[in-house]
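[1] Build me a model from this:
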Amino acid sequence: MAEKPQPVRVLYCPICSLPAEYCEFGPDFEKCKPWLIKNAPELYPDLVREANEKEADKVSDQLQSVGISDGGGAGSTASGDTSSSKKEEVKRLPGGKIKKKEKQEVIIEKVVRNKRKCITIVKGLDLFGVKLSDASKKLGKKFATGASVVKGPTEKEQIDVQGDISFDIVEFITDTWPDVPESAIFFIEDGRKVAVT
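    You can find the predicted model right below:
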């Protein structure tokens, strides 16, 4: 006689009410992480490893702070200065990724669409403290074209100007906003970044 199949027991997350296997696709995965590490570590070994690394980092930071405060003297202040400068240079994002500091540069790119119509894209003006909505209005008035602020593929705002104005725009940018030096303006030609000469 064949053995009767047993029902499968499914472990549900009390936070998002999804099965534990599907928590990462739910709306509150960050809130679910502590529960998953405690109750379902075999499903998410990366989370367990990440939690262990964070614990190790916390312990090492505590040991360093205790060692620096116990040391007393000139040697301890020098080591304290180097650790604080390293913390200022490197910003860590969740997951251990390192955030790079953005370079202050304006990138001008010409995109051709429908074989003859051009769009000039201006990226990075906001890094110099320029308000993009005002800049798009000024560009539209100066070159008598449509100009708008849009989000680019990297989720950062950029200015799209209709028409090929890539060479005239450099002089206009440096005259209108003196904070933007000509050495910080670059063109993208054939996929390469080329400095303005």
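[2] Going by C-alpha atoms from here, please, whenever you check contacts or count neighbours.
    OK.
[3] Might you report the residue contacts of residue 123?
    By Cα atoms under 8 Å, 6 or more residues apart in numbering, residue 123 lies in contact with 106, 107, 108, 157, 158, 159.
[4] Assign a three-state SS to the second one, would you?
    Just to be clear, that refers to residue 107. strand (DSSP: H, G, I helix; E, B strand; the rest coil).
[5] Please report the number of neighbouring residues for it.
    19 (other Cα atoms under 10 Å).
[6] Can you spell out which residues form a bridge with it?
    residue 123, residue 186 (DSSP bridges).
[7] That one and residue 183 touch, don't they?
    No: the pair residue 107 / residue 183 is not scored as a contact, 11.2 Å apart, by Cα atoms under 8 Å.
[8] Which of the contacts of residue 123 sits closest to residue 127?
    Nearest to residue 127 among those, counting by Cα to Cα, is residue 106 at 8.3 Å.
[9] re the thing from before, and the contacts of residue 123, which is closest to residue 29?
    residue 157 (27.9 Å).
[10] Roughly how far does the nearest residue to that closest one once chain neighbours are set aside sit from residue 121?
    Spatial nearest neighbour of residue 157, excluding adjacent residues (Cα to Cα, 6 or more residues apart in numbering): residue 151 at 4.3 Å. Residue 151 sits 11 Å away from residue 121, taking Cα to Cα, to the nearest Å as the criterion.
[11] Spit out the residues that contact those two alike.
    Common neighbours of residue 151 and residue 121 (Cα under 8 Å, 6+ apart) are residue 158.
[12] The two - which one has more neighbours?
    Shown here are residue 151 and residue 121; by other Cα under 10 Å, residue 121 has more neighbours (24 against 11).
[13] Quickly find the element holding that one.
    strand 117-123 (DSSP states H and E).
[14] buried ones in that strand?
    118, 119, 120, 121, 122, 123 (16 or more other Cα atoms under 10 Å).
[15] lowest-pLDDT helix or strand in the chain?
    helix 74-89 (a mean of 45; mean pLDDT, DSSP states H and E).
[16] so residue 162 touches residue 146, yeah?
    Yes: between residue 162 and residue 146 a contact is recorded at 5.5 Å, counting by Cα under 8 Å.
[17] Look at those two and report which has more neighbours.
    residue 162 (20 against 15).
[18] got the contact list for the closest residue to the more buried one other than its chain neighbours?
    The shortest distance from residue 162 to any non-neighbouring residue, by Cα to Cα, 6+ apart, is to residue 119 (4.7 Å). Neighbouring residues of residue 119 by Cα under 8 Å, 6+ apart: 110, 111, 112, 113, 160, 161, 162, 163, 164.
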